[in-house]
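Novice: model this:
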Amino acid sequence: MLELRHLHVLRAIAREGSLAGAARALRYSQPTVTHHLGTLETHFRTKLVERGPRGAVLTEAGEALLTHAEAVLARIALAEREVRGLVEQGSVALRVGTFPTAGALLLPPAVRQVHGHGVRVSLTEGEPPELLAGLRSRELHLALVFSQPGDRLGLDEDFVVHPLMEDPLLLVLPADHPQAGVERVPLAALRDEAWIVGTTDADPCDRLLGRACAREGFEPVHALRTDDYGVMQGFVAAGIGVALVPRLGLGRPREDIVVRELAGLVLARQIGVAMPRSGVSPAALDLLAALRRQAQVLAGPV
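Specialist: Modelled structure (predicted):
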């Protein structure tokens, strides 16, 4: 039967590069490390570590096992922290992933609602790909994510995305732009503009922009890339380019830019909560319900 200490030994060998180094890191004797490695190799009926005069390296099978060992040990560490917090502080730990605009506007009122029920929320901030990786590894209980319509987000059937709201994309122009006085700006009028866009081509907002421009017969020219909507608006104000910014990312009104709708187009990113399909804690469901209420306050139900 496999034991956690067997996995600790394999990980230590991979990190230290030798059985002797693994023994020192784990405060085991070297014969003990050799014994546990032998037990693993007997269990899997294959060599997991190649030993030589310069140290030890994992075989292909060892590397495959290490990936799962790292995940198992990480989950055990999370379980220990969660149970310890429950025992010592009488509260349930809820690990939540969020992107910045949701973290600023959606989460705080929702977290306030569940805090009174003995729930402690810890936040991990990042872009959707990072958050979804944390969700798949079960480092996160749930994650606020955004996508374009129809995206599966790379999740399999073990996970579900609960829609919260649509966040419309609005055109941001310098205050002295020729189209600044137009209430709804035709996208075709911007074919010669430079655009300030996200840092990667996978950004859902930029993909929506690219498809809309393609329908008008042109490709948007990228002047600068940033994922910070405040920075984006600053460069628009400086005349570097124009941008599409989600409504939740606009922040406080500025006098040096104008915000307009696109004529004849409704572009929006979808904001939702990604979480496992089963085995969800009552605390996570309570937070989901609170997030839905806050989404209605911000934009009305989807």
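Novice: in this structure, which helix or strand is least confident?
Specialist: In the chain, no helix or strand scores lower on mean pLDDT, DSSP states H and E than helix 60-89, which sits at a mean of 80.
Novice: Can you tell me the element residue 202 falls in?
Specialist: For residue 202, there is no enclosing helix or strand under DSSP states H and E.
Novice: quick one, what contacts it?
Specialist: residue 129 (C-beta atoms under 8 Å, 6 or more residues apart in numbering). Where you see a C-beta, it was placed from the backbone N, CA and C, and this is true even at glycine.
Novice: Which phi and psi values does it adopt?
Specialist: Per-residue torsions, residue 202: phi -80, psi -10 (degrees, to the nearest 10).
Novice: got it, and residue 18?
Specialist: phi -160, psi 160.
Novice: and it, how many neighbours does it have?
Specialist: 19 (other C-beta atoms under 10 Å).
Novice: shouldn't it be in contact with residue 56?
Specialist: Yes. Residue 18 lies in contact with residue 56 (C-beta atoms under 8 Å); the separation is 5.2 Å.
Novice: For this protein, which strand extends over the most residues?
Specialist: Assignment by DSSP state E gives strand 159-174 as the longest strand of the chain.
Novice: I'd like the next helix or strand past that one.
Specialist: Following strand 159-174 in sequence order, the next helix or strand is strand 184-185 (DSSP H and E).
Novice: Just want the most central residue of this protein.
Specialist: residue 131 (2.1 Å; C-alpha atoms, centre = their mean).
Novice: residues touching that residue, list them.
Specialist: 97, 98, 99, 124, 140, 143, 144, 145, 274.
Novice: Dump the residues you listed into a markdown table; add pLDDT, neighbour count and distance to residue 106 as well.
Specialist: Below are the contacts of residue 131 laid out as a markdown table (pLDDT from 0 to 100; neighbours: other C-beta atoms under 10 Å; distance: C-beta to C-beta, whole Å):
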| residue | pLDDT | neighbour count | distance to residue 106 |
| --- | --- | --- | --- |
| 97 | 95 | 27 | 13 |
| 98 | 94 | 22 | 8 |
| 99 | 90 | 22 | 10 |
| 124 | 92 | 16 | 15 |
| 140 | 91 | 26 | 16 |
| 143 | 95 | 28 | 12 |
| 144 | 95 | 23 | 7 |
| 145 | 93 | 27 | 12 |
| 274 | 95 | 22 | 14 |
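Novice: Out of the residues you listed, the closest to residue 112 would be?
Specialist: Of all the contacts of residue 131, residue 112 sits closest to residue 98, with 14.8 Å by C-beta to C-beta.
Novice: so the residue nearest to that closest one when sequence neighbours are not counted, which of the three states?
Specialist: Once flanking residues are discounted, residue 98 sits nearest to residue 144: 4.5 Å by C-beta to C-beta, 6 or more residues apart in numbering. Remark: residue 144 carries the secondary structure label strand [criterion: DSSP: H, G, I helix; E, B strand; the rest coil].
Novice: From residue 25, how far out is residue 144?
Specialist: Per C-beta to C-beta, to the nearest Å, residue 144 is found 37 Å from residue 25.
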